[in-house]
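J.: Model the structure of this input:
(2 chains)
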Amino acid sequence: DAMVIQNPRYQVTQFGKPVTLSCSQTLNHNVMYWYQQKSSQAPKLLFHYYDKDFNNEADTPDNFQSRRPNTSFCFLDIRSPGLGDAAMYLCATSREREAFHEQFFGPGTRLTVL
Amino acid sequence: AQTVTQSQPEMSVQEAETVTLSCTYDTSENNYYLFWYKQPPSRQMILVIRQEAYKQQNATENRFSVNFQKAAKSFSLKISDSQLGDTAMYFCAFAGAGSYQLTFGKGTKLSVIP
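T.: This is a model prediction of the structure:
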């Protein structure tokens, strides 16, 4: 089945230690998104790739970076995680960027910062 | 900026009964899309139903239907014949027609009781 896969499902890191979260898709979609979802809060868009073009949201901290080496994979890098970065990180894809196109979500990676 | 409000943090319903989840939104746009997403425990978020603002007819998908009141900026989700598998977090979301960005509400946690 075509899907969005996130690895690992659970990630523990230490305060200030860089961490990378992974997302892959078999849908061959043009757009890949990263959301941060804190407990009892709405998912918040961090950035997205449209093909190779990176689009950062205005309020996304510089501590968060992303890479998309090819159509299938996208990575979220947190350079120096703080306690406030503990959250669920959701990857999503869509065929095109327009709102009409459904976003398909992965199961998320729950990040714990010690 | 758009906002989405879900006023019911938690709800419960007996199996086979009907439940309605509320959502209101605020926007100055005339053309947009509204969505309900379902996030089961430890599983990925999936699209339940989508409504295009320029369509007056309410969207329906099997047991799921919406009551879209454009003037009131209200978009409620009705789940008929509730099943145990409907237990999940439900998010209402908004996207402007020309936008890629989903604005989510904080979610309603629905529990279906046997």
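J.: show me the contacts for B:Ala97.
T.: A:Glu98, A:Ala99, A:Phe100, B:Glu29, B:Asn31, B:Tyr32, B:Tyr33, B:Ala53 (CB atoms under 8 Å, 6 or more residues apart in numbering or on different chains). To be clear about C-beta, it is placed using only N, CA and C from the backbone, and glycine gets the same treatment.
J.: neighbour-wise, which of these leads?
T.: Of the contacts of B:Ala97, A:Ala99 is surrounded by the most neighbours, 25 neighbours in total, counting by other CB atoms under 10 Å in any protein chain shown.
J.: Could you pick out the residues of chain A near chain B for me?
T.: Neighbours of chain B within chain A, by CB under 8 Å from any CB of the partner chain: A:4, A:31, A:40-43, A:45, A:48, A:50, A:57, A:90, A:92, A:94, A:97-100, A:102-103, A:105-108.
J.: In which helix or strand does the residue nearest the centre of chain B reside?
T.: Central residue of chain B (CA atoms, centre = their mean): B:Trp36, 3.2 Å from the mean position. For B:Trp36, the host element (DSSP states H and E) is strand B:32-39.
J.: which parts of the following helix or strand past that strand are buried?
T.: Counting by DSSP H and E, the element after strand B:32-39 in chain order, helix or strand, is strand B:46-52. Going by neighbour count (16 or more other CB atoms under 10 Å in any protein chain shown), the buried part of strand B:46-52 is B:Val48, B:Ile49, B:Arg50, B:Gln51, B:Glu52.
J.: Measure how buried B:Ala16 is and give me the count.
T.: 11.
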